[in-house]
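Trainee: Here you go, sequence then predicted model.
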Amino acid sequence: VQLVESGGDSVQPGGSLRLSCTTSGFKFDDYTIGWFRQAPGKEREFVAEITGRGSTKYGDSVQGRFIISRDNAKNTAYLEMNNLKPEDSGVYYCTPMGLRIDGGRFWGQGTQVTVST
């Protein structure tokens, strides 16, 4: 399993970013893909997930501002982030929700999002 997150950047509050999660090593269509984030000194938290058929779920703090999507032909998931706030800053990770290694999730290297003036 390989996961490559990209698209992170530094933006001002109110700005937008689109993150990508390019995957390989598993049957992408069969798995719900989740996005998580981790700020310095805080635990990794759930952001959003999307099933293979496109059903979505969002964390309360991002509901209405973020949109998760996927392209099964490209084995890639996306996270469109709008009206960004400083508290959205952190490293963003994607993971196939139903896959485990040694009891834990698979993670990529993450992509850094910084929201500040």
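Mentor: Looks like it arrived, so ask away.

Trainee: Can you tell me the centre-most residue of the protein?
Mentor: Geometric centre of the chain, nearest residue: Trp35, 2.8 Å, by Cα atoms, centre = their mean.

Trainee: which residues does Thr32 contact?
Mentor: By Cβ atoms under 8 Å, 6 or more residues apart in numbering, Thr32 lies in contact with Glu49, Ile50, Thr51, Gly52, Pro96, Met97, Gly98. Yep, even glycine has a C-beta here, placed from its N, CA and C like the rest.

Trainee: excluding its backbone neighbours, what's nearest it?
Mentor: Met97 (4.3 Å; Cβ to Cβ, 6 or more residues apart in numbering).

Trainee: close enough to count as contact, Ser69 and Glu80?
Mentor: Yes - between Ser69 and Glu80 there is a contact at 7.1 Å, judged by Cβ atoms under 8 Å.

Trainee: Now do the contacts for Tyr93.
Mentor: By Cβ under 8 Å, 6+ apart, the contact list for Tyr93 reads Leu3, Glu5, Trp35, Phe36, Arg37, Gln38, Arg44, Trp107, Gly108, Gly110.

Trainee: ChimeraX command to pick out the buried ones of the contacts of Thr32?
Mentor: ChimeraX command restricting the contacts of Thr32 to the buried ones, with burial defined by 16 or more other Cβ atoms under 10 Å:
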select :49,50,96,97
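
Trainee: and which of the contacts of Thr32 is nearest to Ser116?
Mentor: Glu49 (27.2 Å; Cβ to Cβ).

Trainee: bridging residues for the closest one?
Mentor: Counting by DSSP bridges, Glu49 is bridged to Gly34, Lys57.

Trainee: Is it in contact with Met97, as I believe?
Mentor: Yes - in this structure, Glu49 is within contact of Met97 by Cβ under 8 Å, at 6.1 Å.

Trainee: okay, and the common contacts of these two?
Mentor: Common contact partners of Glu49 and Met97 (Cβ under 8 Å, 6+ apart): Thr32, Ile33, Gly34.

Trainee: what about the second one, neighbour count?
Mentor: Each residue near Ile33 was counted by other Cβ atoms under 10 Å, and the total is 26.
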